[in-house]
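Q: need coordinates for the below:
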Amino acid sequence: MPEQSPGKPLSIGHAHKIWAVVCNIALIVVVIAVYLVIVGLGATLPGIRSVVYAAPWPGDEAVEGSAGNRTSSAPSRVIFLPVVGKSFSLVGSNVFPSSTPTPLVIGTRELTFTPKPGADPTNTATSTRPPTFTATTTATSTRVPSATATRLPATATASPTVTTPAGPTATPSDCPDPYEPDNTKDQAIFLPGNGIPIQSYICTPGDLDYYKVNIQAGHIMTIELANLPEDYDLELYDFRYSNDTIAYSQNGDKQSERIIYLALEGGTYYVRVLPYAGFSKTHSYTLQVMVTDVKFPKPLKTAALIYKDNLADATQYEILLRSSEFGVSLIQANDLLTTDLRNFNLIIVANDTGDLWRDAALVAHLSAYRKPLLVMGDGGYQLLMALGLQVVASSDLQQDSDNQIEVLTPNLIVYRAYYPITVPRDGVLRLYHDPVPRTAITWSLLPTTAVVVGRDPQIPSSYPVIRIQDGVLFWGFPRPPRFMLAEGWELFANCAWWMQR
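A: As a prediction, the model looks like this:
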């Protein structure tokens, strides 16, 4: 017989344990390899680009394969991921595949992203608890050439860089487009917004088709571009304020495009169809525009918003609050003395009311109801002075421009009163696209009754958003929601919910 090897032989149990360890190591190696392959492909292969994907809150599980999907009643987390074979449109927090007939995510995010081709990839994640309607707002994204993929950056910017042709070219005489000339905004074709589709053509690489639609504040515009013979893009403009896009859809290849936009301000908006790659004189595209009213969620609380004469701004705040389950009544100052305020949970005072509070009768009528107050800008500060609040009498005003606040207490309840807001690590929270006029209250010594929501990042004794005492909150940014980023929209709504408690 052969001589046996020295040492104790392995038992079956030990063998199983070793096999389990080997399998686990192999699984980890496979997962890492797959991840590296995906990341590598996202930077090198056509058809793979960074997109936005929404998953049910609070978990991250996707409902429709790797492409996020959820119902309008479920809040969402928005995550940037490289996804193969799915292209999304981004309008606020509304993220949906172009092939889906109805929007998957309904919310109030206002985000402007400016991807820069060739920049270092950046991965970001944001979250929102949206209500049950499609939010307005500026949402943009820049198409990345199919050979490269650029992740969307974490920082929102006000003036997106959009790659567009230098200008329209003359449409050839053999182009069957029945609406030519329509190559500039001045030649834009009026569309009634009744959902009736039209057919038209992109006949050259520089052919641009402009259309215009009239819409009232608080109405939703759904724009569909379908039956594409080549890769076309869809853009939306409000030329009253900027030549930049306020929303657009840029799916790859011949996929349909869609924009859903809630107008905070009524007026004429412009739709542009342009070629990204290819054109056709023989096959038309289909464009459909439908304008509908918004169905807001049933209000859980009520607020009275007092303004002097700026109804347009007051209406924007009404839409913001109604989307956050606040019923809102707009009360012009001339009607205040005859208005019963007993049934309101909160009184909001607009920035344009400043000189009204010299009227002692108005001040007495308002103060008699002892309701929580959310006051804005100089008008709000003048009311606080007229109310004779001792804590305000010891303060001063600082008026300048800014678009951000420094958060001292990230776990303060106001940051989760309705929308969960994630405060950046440096504590600086941007509320508006660009610096806007701002009023801040300053104290040499902060009153013991005050709770700081946000102070000036550069001047520690200056407080643009602060609860001065129980039942009184000051919001120092007077610009309406149209200028806000998502965080500004959400923080204002959170302040309203915080104060009514």
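Q: now do the same contact list for the nearest residue to residue 212 once chain neighbours are set aside.
A: Ranked by CB to CB, 6 or more residues apart in numbering and with sequence neighbours excluded, the top spatial neighbour of residue 212 is residue 188, at 4.2 Å. Backbone N, C-alpha and C define where each C-beta goes, glycine included. The contact partners of residue 188, taken as CB atoms under 8 Å, 6 or more residues apart in numbering, are 182, 210-212, 270.
Q: now do the helices for the stretch 351-500 of the chain: every range, in order, please.
A: 360-367, 377-386, 390-393, 486-500 (DSSP state H, counting those that start in this stretch).
Q: out of those, nearest to residue 256?
A: helix 486-500 (26.4 Å; CB to CB).
Q: CA atoms only: put the closest one into CSV for me.
A: Below are the C-alpha coordinates for helix 486-500, written out as CSV (Å, rounded to 0.1, in the frame of the first residue of the first chain):
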residue,chain,number,x,y,z
ALA,A,486,-35.8,73.0,-6.8
GLU,A,487,-34.4,73.7,-3.3
GLY,A,488,-35.9,77.2,-3.2
TRP,A,489,-39.3,75.9,-4.3
GLU,A,490,-39.2,73.1,-1.7
LEU,A,491,-37.8,75.2,1.2
PHE,A,492,-40.5,77.8,0.7
ALA,A,493,-43.2,75.2,0.8
ASN,A,494,-41.5,73.6,3.9
CYS,A,495,-41.5,77.0,5.6
ALA,A,496,-45.2,77.3,5.1
TRP,A,497,-45.8,73.8,6.5
TRP,A,498,-43.5,74.5,9.4
MET,A,499,-45.2,77.7,10.4
GLN,A,500,-48.8,76.5,10.2
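Q: what's the mean pLDDT across that helix?
A: What helix 486-500 shows for mean pLDDT is 93.
Q: export the contacts of residue 188 as a markdown table, with columns for pLDDT and distance to residue 444.
A: Formatted as a markdown table, those follow (pLDDT from 0 to 100; distance: CB to CB, whole Å):
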| residue | pLDDT | distance to residue 444 |
| --- | --- | --- |
| 182 | 89 | 62 |
| 210 | 96 | 56 |
| 211 | 96 | 57 |
| 212 | 95 | 54 |
| 270 | 95 | 51 |
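Q: make TSV from those residues and add secondary structure and neighbour count to it.
A: TSV is the format used below for those (DSSP: H, G, I helix; E, B strand; the rest coil; neighbours: other CB atoms under 10 Å):
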residue	secondary structure	neighbour count
182	coil	22
210	strand	22
211	strand	21
212	strand	17
270	strand	17
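Q: what comes up buried for the strand with the most length in the chain?
A: With secondary structure taken from DSSP state E, the chain has its longest strand at strand 280-293. Residues 281, 284-285, 287-291 are the ones in strand 280-293 that count as buried (16 or more other CB atoms under 10 Å).
Q: closest to residue 249 out of the helices of the stretch 351-500 of the chain?
A: helix 486-500 (19.2 Å).
Q: now residue 213, what's its secondary structure?
A: Three-state call for residue 213 (DSSP: H, G, I helix; E, B strand; the rest coil): strand.
Q: any idea what it is bridged to?
A: residue 269 (DSSP bridges).
Q: who's in contact with it?
A: 190-193, 221, 268-271, 289, 291.
Q: and of those, the nearest to residue 244?
A: Nearest member of those to residue 244, counting by CB to CB, is residue 270, at 12.0 Å.
Q: so residue 466 sits against residue 451, correct?
A: Yes - using CB atoms under 8 Å, residue 466 makes contact with residue 451 at a distance of 7.0 Å.
Q: so between these two, which is more surrounded?
A: residue 466 (25 against 18; other CB atoms under 10 Å).
Q: tell me the bridge partners for the more buried one.
A: With DSSP bridges as the rule, residue 466 is bridged to residue 452, residue 474.
Q: and for residue 233?
A: Bridge pairing for residue 233 - DSSP bridges - gives residue 274.
Q: burial count for it?
A: 22.
Q: how about it, what does it touch?
A: Here residue 233 is in contact with 143, 248-250, 257, 273-276 (CB under 8 Å, 6+ apart).
Q: which of the residues you listed lies closest to residue 296?
A: Closest to residue 296, out of all of these and judged by CB to CB, is residue 249, at 25.0 Å.
Q: quick one: residue 247 from residue 263, how far?
A: Counting by CB to CB, to the nearest Å, the separation of residue 247 from residue 263 is 11 Å.
Q: for residue 422, same thing?
A: On the measure of CB to CB, residue 422 and residue 263 end up 28 Å apart.
Q: equivalent analysis for residue 475, please.
A: Counting by CB to CB, the gap from residue 475 to residue 263 is 23 Å.
Q: cool, and residue 458?
A: Distance, residue 458 to residue 263, by CB to CB: 35 Å.
Q: so which of the two has more stuff around it?
A: residue 263 (24 against 9).
Q: just give the closest residue to the more buried one, not the sequence neighbours.
A: residue 215 (4.8 Å).
Q: wait, that neighbour touches residue 266, no?
A: Yes - with contacts counted by CB under 8 Å, residue 215 reaches residue 266, the gap being 6.2 Å.
Q: quick one: which of these two has more around it?
A: Higher neighbour count among residue 215 and residue 266: residue 215, with 20 against 14, using other CB under 10 Å.
Q: give the contact list for that one.
A: 193, 221, 263, 266-267, 269, 291.
Q: just for the protein, where's the confidence low?
A: Judged by pLDDT under 70, the chain has its weakly predicted residues at 1-17, 20-21, 30-173.
Q: checking residue 205 next. Helix, strand or coil?
A: Strictly by three-state DSSP, residue 205 counts as coil.
Q: quick check: it vs residue 286, distance?
A: In terms of CB to CB, residue 205 sits 21 Å off from residue 286.
Q: go on, residue 261?
A: Taking CB to CB, one finds residue 261 at 19 Å from residue 286.
Q: hmm, residue 389 is touching residue 471, no?
A: No - taking contacts as CB under 8 Å, residue 389 lies outside contact range of residue 471: 10.5 Å.
Q: which residues do the two both contact?
A: Common neighbours of residue 389 and residue 471 (CB under 8 Å, 6+ apart) do not exist.
Q: picking that back up, and the contacts of residue 215, which is closest to residue 481?
A: Closest to residue 481, out of all of the contacts of residue 215 and judged by CB to CB, is residue 263, at 11.9 Å.
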